[in-house]
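Undergrad: Give me a 3D structure for the following:
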Amino acid sequence: MKFYFFYLIRIFFSKISNINKLSNYSIIFSTTLTVIFIVLTLSVTSGFRDNIVSKIIEIDGFARIYPKDYNSKINIDSTFSNSNFRYLPFFEKQFVIRNKNKSDGVNLLAINDRDLLSNYIIEEDLKIDDGIYIGTILSQNLNLNVGDISFLINASNNNRKIQKIKIKGVFETNIPFYDEFCSFSINTYNQNLILFNESNYDGYVVVSNDIYKSLSFLDDDYYIFTWEERHGEFVSWLYSYDIPIKILLFFVFLISVINNISIFNIDLINQSKNIFLLKSIGLSRFQIMKLFSLKNFVLNFISIFLGSLISFILIHLELKYEYIKIPENIYFSDSLPVVFDYSFFAYPIIIFSFFSILSTLIFSFYKSRSSF
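TA: Residues are numbered from 1 along each chain as shown. Next up, the predicted model:
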């Protein structure tokens, strides 16, 4: 064992040929880049997904509860009065919103909680009491600004209702569906919205994420729709990128392993003089291969450590300073979304270490049975 340790010290710290240095640096460089690429890709992919999901839950709630009997308009507030989770009553209807000669369809949600929008409001007039908030895309499409007057047309029944309403504020979520087709009133008692003059609410927005445990007391009189069920197609699209990305990462990893094996083989060829000297002092082929395999393990360990350290630093810098800017209208965020999770480091480290060791052992066993 002392001999192996001594020889490794000689390899790494003594004067060696430029070709041998290049072999060592090539393994370190390729493996380090592979680890960085895998960790950062997993972090950005998860960050992108979590960023969108958190926005949906924050704006839309974790779940919505509706009474099954819409004709009787059951007042379900009494059912939830003693429950242990946070819920918000709401009214919701679809309208046509019109400004001059332009119009568009919109889903209007009236709810007594400004916090749902507080992180996304970019312009607001607090002097307007009974107005509505619209998204940036809808604002641009209809040329509507804060303080402007528009018309809401309720064409859902034979008795068409047209209501004049002011624009209280503009919000921006960077999610096209919300910014173009949704509007909000933070007052369910909005006197200007005659279409909501009803005694009972349409349903409740549940903020708690422990939905199934919290709502275990509900009977069959209610429908419960989580955010995943309400946005099923969008969620499917969001998760559809996981498989192609994982396939890409697998091939990047595979190329790195093949590259290391090739460099390992080249290193053996270039070390012919040293191998001859090792043979002359009595080392067997298996011992020589064991020595070079140990060298390869050490190089991979250094590479994995460097790759993990650099990835750790880059992720934390991005989380703190958000120095990488991206088009928010495409990626739903103005900065690169990243997430820190130890599993992003653990998986590539374990898998890379295992396959690197396995491939080196197999190759070493094969070479030990043949001449150098």
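Undergrad: Now do the helix of greatest length in the chain: which elements does it pack against?
TA: For the chain, the longest helix by residue count, based on DSSP state H, is helix 18-60. In terms of contacts (3 or more CB pairs under 8 Å, 6 or more residues apart in numbering; DSSP states H and E), helix 18-60 is packed against helix 2-13, helix 227-230, helix 232-239, helix 242-270, helix 285-321, helix 342-368. Placement of C-beta: from N, CA and C, glycine included.
Undergrad: tilt between the last one and helix 18-60?
TA: Calculated by axes from the mean of the first three to the mean of the last three CA atoms, to 10 degrees, helix 342-368 forms an angle of 150 degrees with helix 18-60.
Undergrad: Which stretch among the helices and strands packed on helix 18-60 is buried most, on average?
TA: Across the helices and strands packed on helix 18-60, averaging neighbours per residue (mean count of other CB atoms under 10 Å) puts helix 285-321 on top, at a mean of 18.
Undergrad: which other helices and strands contact it?
TA: helix 2-13, helix 18-60, helix 242-270, helix 272-280, helix 342-368.
Undergrad: And the average pLDDT for it is what?
TA: Here helix 285-321 scores 86 as its mean pLDDT.
Undergrad: Which element is encountered next along the chain beyond it?
TA: Counting by DSSP states H and E, the element after helix 285-321 in chain order, helix or strand, is helix 328-331.
Undergrad: Touching that next one from outside, list them.
TA: With contacts defined as CB atoms under 8 Å, 6 or more residues apart in numbering, helix 328-331 is touched by Phe48, Asn174, Asp334, Pro337.
Undergrad: try it again with 7 Å
TA: Phe48, Asn174, Asp334 (CB atoms under 7 Å, 6 or more residues apart in numbering).
Undergrad: That helix: how far from the chain's middle?
TA: 14 Å (CA atoms, centre = their mean, to the nearest Å).
Undergrad: what comes up buried for it?
TA: Neighbour counts over helix 328-331 (16 or more other CB atoms under 10 Å) mark Tyr331 as buried.
Undergrad: mind giving me the domain split of this structure?
TA: Using automatic domain parsing, the domains assigned to the chain come out as 2-55+238-368, 87-206.
Undergrad: who wins for proximity to Thr226 among those domains?
TA: domain 87-206 (8.8 Å; CB to CB).
Undergrad: quick one: average pLDDT of that closest one?
TA: Average pLDDT, domain 87-206: 83.
Undergrad: What residues of stretch 45-64 count as buried?
TA: Neighbour counts over stretch 45-64 (16+ other CB under 10 Å) mark 45-49, 51-53, 55-64 as buried.
Undergrad: actually stretch 20-39, not the one I wrote
TA: Of the residues in stretch 20-39, 23-24, 26-28, 30-39 count as buried by neighbour count, 16+ other CB under 10 Å.
Undergrad: quick one on the thing from earlier: and Asp130, which of the helices and strands packed on helix 18-60 is closest to it?
TA: Per CB to CB, nearest to Asp130 of those: helix 227-230, 27.4 Å.
Undergrad: Who are the packing partners of that closest one?
TA: The contact analysis (3 or more CB pairs under 7 Å, 6 or more residues apart in numbering; DSSP states H and E) places helix 227-230 against helix 18-60.
Undergrad: mind redoing it with 10 Å?
TA: helix 18-60, strand 63-67, helix 232-239 (3 or more CB pairs under 10 Å, 6 or more residues apart in numbering; DSSP states H and E).
Undergrad: export these to JSON lines and tack on mean pLDDT?
TA: Formatted as JSON lines, those follow (pLDDT from 0 to 100):
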{"stretch": "helix 18-60", "mean pLDDT": "87"}
{"stretch": "strand 63-67", "mean pLDDT": "83"}
{"stretch": "helix 232-239", "mean pLDDT": "84"}
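Undergrad: nearest to Ile128, of these?
TA: helix 18-60 (20.9 Å).
Undergrad: chain center to that closest one: distance?
TA: On CA atoms, centre = their mean, the centre of helix 18-60 falls 13 Å from that of its chain.
Undergrad: likewise stretch 236-253?
TA: Distance, centroid of stretch 236-253 to centroid of chain: 13 Å (CA atoms, centre = their mean).
Undergrad: Same question for stretch 160-172.
TA: So, by CA atoms, centre = their mean, the centroid of stretch 160-172 is 33 Å from its chain's centroid.
Undergrad: got the CA positions of that stretch in CSV?
TA: Output of stretch 160-172 as CSV, limited to C-alpha atoms (Å, rounded to 0.1, in the frame of the first residue of the first chain):
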residue,chain,number,x,y,z
ARG,A,160,-77.2,40.3,-21.5
LYS,A,161,-75.7,42.6,-18.9
ILE,A,162,-73.2,45.3,-19.7
GLN,A,163,-71.3,46.8,-16.8
LYS,A,164,-68.9,49.8,-16.7
ILE,A,165,-65.8,49.2,-14.7
LYS,A,166,-62.5,50.9,-13.9
ILE,A,167,-59.1,49.4,-14.3
LYS,A,168,-57.6,49.5,-10.7
GLY,A,169,-54.3,47.9,-11.5
VAL,A,170,-52.1,45.9,-13.9
PHE,A,171,-50.3,42.7,-12.9
GLU,A,172,-47.6,40.6,-14.6
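Undergrad: Would it be right to say that Tyr223 lies in a strand?
TA: Yes - Tyr223 sits within a strand when classified using DSSP: H, G, I helix; E, B strand; the rest coil.
Undergrad: That one: how many residues sit nearby?
TA: By the measure other CB atoms under 10 Å, the count of residues near Tyr223 is 13.
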